[in-house]
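Participant: Take this sequence and fold it.
(chains A and B)
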Amino acid sequence: MAVLPLRFRILHMINQAGGKPVKANDIYKELFDEYSGEGQFSFDFMEDHLMSIKAVGLIDAVDPYFDEFGEARYQYVITETGKDRTKYLPKIL
Amino acid sequence: MSAKSAQAVLEAKQLKHAKKGILAGILSGVLWGASGTVLYLALNFEPFTLPQFSGEGLEFGPGLALLVAAALCGALMHDTFAAIWVGVHNIRAGKFKEYGRTLRTKPGKMVCLGAILGGPIGMSGYLLGITFVNAAYALPITAAYPALAAVLATFIFRERNPARVWIGVVLCILGSFLVYYAPLGEGQEKDVYFAIGMVLSTLACLGWASEGLLSTYGMDMLDPDIALGIREGVSAIAYFIFVVPVVTLFMSNSFGPTPIWELFSAAWHTSALPIYVFAGFLGGFSYIYWYRALNMTGVARAMALNVTYALWGVLFGAIFTGLTPTIYLVMGAGAIACGAILVSANPRELFRLRETK
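Facilitator: Next up is the predicted model:
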């Protein structure tokens, strides 16, 4: 069951990768079980979150690629600012 | 297909995202200007025009108490309906569970604290300003909030600001003086209520500036629609359990009967109700677009576009309230908007979207 707000959880997941780029498709697959029953959870919506978190400098977009459906996607890495903001994650994680 | 062509596709996508952010910022300004005008117009409808609530012909003290009651009733109605509109919007988007999750995080709690500054202090000051003077005068004064935020940040967080910011602050101060000292249109005269209205509009500016300082810290990680839903909800609750009872007690003891609750309950079955529902819609969606713009195109651009409500307020005031804008009012509102834009962003970079990070 999801315990974090979706945007928080996306940041948490990218942070957990420890500086390795994470593909947008992998983030979606990983979060599917946690949020799939909710109307807010779609690939487009998740990508909107990713672009917004990037716009405020918490993550960086790197190494673009085409996914299996021929769509251009980015991979994402956490920035220093993003790492610092993860201090706001609840202690239970 | 190469990584290079993927990059080109994605850059186009990001540019589209930033352009949508610009549009959201402009919409936030237009809707806020419109909501201020609608809130001002609401005062011309029942229950405010009923003899027991209008305050016409009363001495200063009891008259002031009735005006304060009208303003706070307006603020209470506005924030309640804005919270309902935003809540409906979030439930339709399947985000209901995000409220509880967000409230359990530290940034969520900061939004609650910001809501108390922005709602009861900011919104009350704003509504009192609108009630005491025409919205076209109150709106430009409140639009100076980015300048005040910059000054507060200098003293509280020891932030260093470039010369551009200080030029913006000076422009906002000059603009405020122009709005304050500008002769009013034909048939209007400045009285003590005008002075009080201007001071209270400045209080709104202070509330929103401090809300901005508090909310932006940690807000980046929250869904803007949810942050806003919490903000409006907490603000409405704060009015119900704290602001209205305390102000009623204080004003009734000091100036005369202050029937905020009576106005509030009468407003539900009089002609003012649909107007407040509409004002809450405009205000709620103005905030939704503003928070979206903050996330999509960056704080600087979003704030710069939002503060154009100073000018929209004058325009809507002229069209819908019969106000004759004097050249001083237009110049003052323009100076405040330009000053706030200078404080928020470097004008040269405002439209260089390709460099949006």
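Participant: Pretty sure residue B:149 sits against residue B:207.
Facilitator: No: between residue B:149 and residue B:207 there is no contact under CB atoms under 8 Å: 11.0 Å. For every residue, glycine as well, the C-beta is placed using N, CA and C.
Participant: where along chain A do the strands fall?
Facilitator: Assigned by DSSP state E, the strands in chain A fall at A:22-23, A:59-66, A:72-78.
Participant: do you know which of those strands lies nearest residue B:68?
Facilitator: strand A:59-66 (47.4 Å; CB to CB).
Participant: chain center to the closest one: distance?
Facilitator: Here the centre of strand A:59-66 is set off from its chain's centre by 12 Å, with CA atoms, centre = their mean, to the nearest Å.
Participant: what helices or strands is it leaning on?
Facilitator: helix A:43-55, strand A:72-78, helix B:3-42 (3 or more CB pairs under 8 Å, 6 or more residues apart in numbering or on different chains; DSSP states H and E).
Participant: quick one, which of these is packed in tightest?
Facilitator: Most buried of the helices and strands packed on strand A:59-66, by mean neighbour count (mean count of other CB atoms under 10 Å in any protein chain shown): strand A:72-78, with a mean of 23.
Participant: hmm, that one in reach of chain B?
Facilitator: Yes: judged by CB under 8 Å from any CB of the partner chain, strand A:72-78 and chain B are in contact via A:72, A:73, A:74.
Participant: you'd agree the second one is up against residue A:65?
Facilitator: Same thing as residue A:73. Yes: between residue A:73 and residue A:65 there is a contact under CB under 8 Å: 6.0 Å.
Participant: anything in contact with each of those two?
Facilitator: With contacts defined as CB atoms under 8 Å, 6 or more residues apart in numbering or on different chains, the residues shared by residue A:73 and residue A:65 are A:23, B:6.
Participant: Model confidence for residue 61, exactly?
Facilitator: In the absence of a named chain, chain A is used. Model confidence at residue A:61, given as pLDDT, is 89.
Participant: other chain: chain B
Facilitator: pLDDT, residue B:61: 76.
Participant: next one: residue B:234
Facilitator: pLDDT, residue B:234: 91.
Participant: Might one say that it is in contact with residue B:119?
Facilitator: Yes: counting by CB under 8 Å, residue B:119 is a contact partner of residue B:234 at 7.0 Å.
Participant: For the stretch 51-200 of chain B, give the residue positioned nearest to chain A.
Facilitator: Of all residues in the stretch 51-200 of chain B, residue B:94 sits closest to chain A, at 1.8 Å by CB to the nearest CB.
Participant: got the contact list for residue B:113?
Facilitator: Taking CB under 8 Å, 6+ apart, we find residue B:113 in contact with residue B:214.
Participant: mind listing what residue 65 touches?
Facilitator: By default, I'm working from chain A. Residue A:65 neighbours (CB under 8 Å, 6+ apart): A:23, A:72, A:73, A:74, A:75, B:3, B:6.
Participant: meant chain B, my bad for not saying
Facilitator: Residues in contact with residue B:65 (CB under 8 Å, 6+ apart) are B:55, B:251, B:252, B:255, B:256, B:257, B:258.
Participant: repeat that with 10 Å
Facilitator: B:55, B:58, B:247-248, B:250-252, B:254-260 (CB atoms under 10 Å, 6 or more residues apart in numbering or on different chains).
Participant: which phi and psi does it have?
Facilitator: With angles defined as degrees, to the nearest 10, residue B:65 shows backbone torsions of phi -60, psi -40.
Participant: In the lowest-mean-pLDDT helix or strand in chain B, which residues are buried?
Facilitator: Comparing every helix and strand of chain B by mean pLDDT, DSSP states H and E singles out helix B:51-54 as the least confident one, with a mean of 71. By neighbour count on 16 or more other CB atoms under 10 Å in any protein chain shown, the buried set for helix B:51-54 is B:53, B:54.
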